[in-house]
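K.L.:
Below are the sequence and a predicted model; questions follow.
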Amino acid sequence: MNFASDNAGPMHPSVLDAITKANTGYEMPYGNDTIMPRVRDLVRKTFEAPEAAVYLVATGTAANALALATYTNSWDTMFAHRVSHVEEDECGAPDFYANGARITLVDGAGAKMDPDSLRHAITHTGDKGVHGVQRGPVTITQATEVGTLYSLEEIAQITAIAREYGLKTHLDGARFANACAALGCTAAEMTWNAGIDMVSFGGTKNGCAGVEAVIFFDPEKAWEFELRRKRGAHLFSKHRYLSAQMEAYLQGDLWLELGAKANANCARLVKGLETVEGADIPDRPEANMVFAHLPRAAHRRAMEAGALYYLFPFDASLEGPDDELIRCRMVCDWNKSHAEIDALIALLRG
Ligand SMILES: *Cc1c(COP(=O)(O)O)cnc(C)c1O
């Protein structure tokens, strides 16, 4: 019973099969394999973006940091939400890859940028001439770090503000599939149609072993990105194994199917959590992640039986009053069985 995160799960069998299939004979290295042109076509078709530049890397941190760095001068600052992966979970990689550029934090409920807060942050940047850092790209996360979603209108609102100031926009889509499935929209609608310039399209958390696509809708900086990826030590030599994963992930819209499954699993989990006595779930989960406040005794039963998920604070003690509520995070991937979800609920209910 592991509900810690969606990267705790296995690869989808189709992805593993694709890796096995790619594991015969010889293929040119460094992205010159025979699979990559098909991946490029699939991404372009999926995003309805025939001109897009498409690259693969093995981690989401590399995707975000390299994509952002491509549009960030070292004297710029990137605009990101206070609760975002680039700010909180990448050990400063975006700043590092952008040669010391900074991140300016933007506020907003539910880990979503508030348009006024973004505008305020932008207008107060670069207003001191040579003395201050200059305005760099705006990056948003979809689905967010807390499992909420920007509506298409909300994305368009953010990108419109960025565009007013001539700034590029990036979408961290580690959970792109979950968001797209939940909104019932197309990949194009959630990105370039809504004004997004570049995307980190996640595979790892949704059935791949380790692959993310970096997509630039305008290929003007494609060559620069290639140089940055190589210099940043993220150009895979045996690239065919990245290509194979991404091809399987895109074929027949597997990515979307798995995203929808993960969301449905989370919905089942939430339905069960609501039946735990004393449970409080303040925010309706919108994708595949739920934050719930549950009585300590429920956590104790589940965790003593081996269930894994995060408590907040991380070091919250299982010793103490039984009915005191402790906040937790549970994440479902596509692979969760109903039996596993129901077993966790049974333990929590006692
Ligand atoms: C997991 C995640 C990433 C990528 O993380 P890696 O561990 O570097 O693969 C990026 N953004 C968000 C929002 C994530 O949840």
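P.N.:
Everything's here; your move. Numbers count the residues shown, from 1 in each chain.

K.L.:
these two touch, right, Asn265 and Cys332?
P.N.:
Yes. Using C-beta atoms under 8 Å, Asn265 makes contact with Cys332 at a distance of 3.8 Å. (Each C-beta comes from the backbone N, C-alpha and C, glycine too.)

K.L.:
Which one of the two is surrounded by more residues?
P.N.:
Taking neighbours as other C-beta atoms under 10 Å, Asn265 and Cys332 compare with Cys332 leading, 28 against 23.

K.L.:
Any figure for the gap between that one and Gly173?
P.N.:
Note on Cys332: its distance to Gly173, by C-beta to C-beta, to the nearest Å, is 18 Å.

K.L.:
Which positions in stretch 109-119 come out as buried?
P.N.:
Buried residues in stretch 109-119, counted by 16 or more other C-beta atoms under 10 Å: Gly110, Ala111, Lys112, Met113, Asp114, Ser117, Leu118, Arg119.

K.L.:
got it, and stretch 272-282?
P.N.:
Gly272, Leu273, Val276, Ala279.

K.L.:
okay, these in a markdown table with pLDDT and distance to the ligand next?
P.N.:
Below are these laid out as a markdown table (pLDDT from 0 to 100; distance: C-beta to the nearest ligand atom, whole Å):
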| residue | pLDDT | distance to the ligand |
| --- | --- | --- |
| Gly272 | 97 | 24 |
| Leu273 | 97 | 21 |
| Val276 | 97 | 26 |
| Ala279 | 97 | 25 |
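
K.L.:
Among the residues you listed, which lie within helices?
P.N.:
The helices in this structure, assigned by DSSP state H, contain Gly272, Leu273 from these.

K.L.:
quick check, nearest of the buried residues of stretch 272-282 to Gly166?
P.N.:
Proximity of those to Gly166 (C-beta to C-beta) peaks at Leu273, which lies at 45.3 Å.

K.L.:
if we can go back for a sec, turn the buried residues of stretch 272-282 into JSON lines, including distance to Asn64.
P.N.:
Compiled in JSON lines, those are given as follows (distance: C-beta to C-beta, whole Å):
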{"residue": "Gly272", "distance to Asn64": "34"}
{"residue": "Leu273", "distance to Asn64": "31"}
{"residue": "Val276", "distance to Asn64": "36"}
{"residue": "Ala279", "distance to Asn64": "34"}
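
K.L.:
so what sits against both of Asn265 and Cys332?
P.N.:
When C-beta atoms under 8 Å, 6 or more residues apart in numbering defines a contact, the residues bordering Asn265 and Cys332 alike are Asn288, Ile341.

K.L.:
How about the residues of the stretch 51-200 of the chain by the ligand?
P.N.:
By C-beta under 6 Å from any ligand atom, the residues of the stretch 51-200 of the chain that approach the ligand are Thr59, Gly60, Thr61, Asn64, His85, Thr141, Glu145, Asp172, Ala174.
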